[in-house]
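**Q** Build the 3D model from these lines:
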Amino acid sequence: MIQLIQTRWMHIRNHYKSLFFWLLLPLFATTIFTTIDTTVEDQLRIPVGIVTEDKTPLLQELLESIEDIPHVDVHYVSYEEGMHQLENHQLDSMYVFPEHYDDSVHTNERRGIVSQYTSNISFAAIPVRESIVSFIQEQLNRSKAANTIEKLFQTHHEVPPTKEEVAEISREIQANEKLIETTLLFSEEHSTTPASSFISMIDIWVIFTLFSTMMIFEWVVRERNHPTYIRVNFTNYQPKKYAIYQLMIYLFLFILVDLCMFAVLTYGMDVSIRLFSMVSMIVFRITIVCSIFLLALLFKQRFSYLMVCVFLFILLIGTSGMILPIDGILRHFPLFATLHPLQPVIHGEISYVWLIFSSVMSVLWLVTKEDIHAKSS
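**A** Okay, here's the model as predicted:
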């Protein structure tokens, strides 16, 4: 094995810079994209000021709901500090909750229950206000329902449930019914609902991995069609076994770089990646390495190989759904998602079809008769 590694180094030492560039390109592209995506997401958070005099139970519940609004950054400030930040456009809007907030909810007093302050360039005040109003409306409806139930029980001379019990039952019903669900996804956030059309971290990795692997495997065309390749017959390895061993060296380097990328994203950048997604990406790496290796065996000219690779790259990316929508195709041809080489991995799944196909074709190529034979003089 040491001899094989030394032989491989003899081949690549004159162009090791290009090899390491293509080898590390997916790692750097993915980490840079993740960094930019995280930075943009943080910058898109809406600063909202909250002024409270006393955090009563209902108000505390409301504030927790506000903090859970996606991409809203809650700042607890005093009235004077909030007005100063609002005037300097450090806050998009500010909400002042009175000390008697809980009493207003229990008595169903809607007027003056909260005060809103905005500046002349507030850009998200309306959607934030509507979200807060919806939370307050839920509390008012629960309180009204509790008062109605209490009067009904008193009419029948029975002990009514507490308002807290009625509110808890209302929350359970609301959670079980799920009348409306909406999800805003960034990057690798996982959801059972269909994701948005924004390109994800896995998409970036797939794009650069596919293209860089195509560029690296130019060595197959260059070396197999070199006049000195016939000398492999005089070594301890047959030409096909020699090529397979060299393929395994490259595959080891690819997987090593991918594992480094997972470590950087998970431990260095605190990105959550599912274990099954990692397995899917590794399997995808093995699949495309075998497939591109078999593709390179068909060519004798580097230019022809590169042109076909560029064509296939554009075709696969264009029909994968990462950039152009393919909902209509998937709706009329559901099998397309299974047969497309990139569809499974971008959805965190394993492409068993192409894995089995590439593995079987590699084995068949290996066991067929050699094409190169040494001639006796």
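**Q** switch to C-alpha atoms for all contacts and neighbour counts from now on
**A** Noted.
**Q** Compute the number of surrounding residues for Ile350.
**A** When neighbours are defined as other CA atoms under 10 Å, Ile350 has 23 of them.
**Q** And the helices in the stretch 201-350 of the chain?
**A** Secondary structure of the stretch 201-350 of the chain (DSSP state H, counting those that start in this stretch): helices at 201-216, 218-224, 239-263, 275-296, 302-318, 327-332, 335-339, 343-346.
**Q** Ala145: which of the ones you listed is closest?
**A** Closest approach to Ala145 among the helices of the stretch 201-350 of the chain (CA to CA): helix 327-332, 44.1 Å.
**Q** what packs against that closest one?
**A** helix 335-339 (3 or more CA pairs under 8 Å, 6 or more residues apart in numbering; DSSP states H and E).
**Q** Now for Thr213, how many residues are close by?
**A** There are 20 residues near Thr213, going by other CA under 10 Å.
**Q** what's the longest helix along the chain packed up against?
**A** Secondary structure of the chain read by DSSP state H shows that its longest helix is helix 125-155. Applying 3+ CA pairs under 8 Å, 6+ apart, one finds that helix 125-155 contacts helix 57-67, helix 101-106, helix 163-177.
**Q** Quick one: residues contacting the closest residue to Ile202 other than its chain neighbours.
**A** Nearest residue to Ile202, sequence neighbours excluded (CA to CA, 6 or more residues apart in numbering): Ile346, at 6.0 Å. If a contact means CA atoms under 8 Å, 6 or more residues apart in numbering, then Ile346 has 202-203, 206 as its contacts.
**Q** Tyr117 belongs to a strand?
**A** Yes: according to DSSP: H, G, I helix; E, B strand; the rest coil, the state of Tyr117 is that of a strand.
**Q** That one touches Met94, doesn't it?
**A** Yes: using CA atoms under 8 Å, Tyr117 makes contact with Met94 at a distance of 5.0 Å.
**Q** before we move on, the earlier item: now the contacts of Ile346: which count as buried?
**A** 202-203, 206 (16 or more other CA atoms under 10 Å).
**Q** how about CSV for these, with pLDDT and distance to Val310 added?
**A** Shown next, in CSV, are those (pLDDT from 0 to 100; distance: CA to CA, whole Å):
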residue, pLDDT, distance to Val310
Ile202, 88, 21
Asp203, 89, 18
Val206, 92, 15
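**Q** Sticking with the nearest residue to Leu294 once chain neighbours are set aside, tell me its helix or strand.
**A** Of all residues not flanking Leu294 in the chain, Ser362 sits nearest, at 7.0 Å (CA to CA, 6+ apart). Assigned by DSSP states H and E, Ser362 falls within helix 352-367.
**Q** tell me what the longest strand along the chain is packed against?
**A** Taking DSSP state E as the criterion, the chain has its longest strand at strand 46-52. Where contact means 3+ CA pairs under 8 Å, 6+ apart, strand 46-52 is packed against strand 72-76, helix 79-87, strand 93-97.
**Q** Mind listing the strands that strand pairs with, and their directions?
**A** strand 72-76 (parallel), strand 93-97 (parallel) (DSSP bridges).
**Q** Make a markdown table out of those and add mean neighbour count.
**A** Below are those laid out as a markdown table (neighbours: other CA atoms under 10 Å):
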| stretch | mean neighbour count |
| --- | --- |
| strand 72-76 | 16 |
| strand 93-97 | 22 |
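**Q** will you turn those into JSON lines that also has mean pLDDT and distance to Phe333?
**A** Below are the strands paired with strand 46-52 laid out as JSON lines (pLDDT from 0 to 100; distance: least, CA to CA, whole Å):
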{"stretch": "strand 72-76", "mean pLDDT": "87", "distance to Phe333": "40"}
{"stretch": "strand 93-97", "mean pLDDT": "90", "distance to Phe333": "48"}
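**Q** Understood, closing this out.
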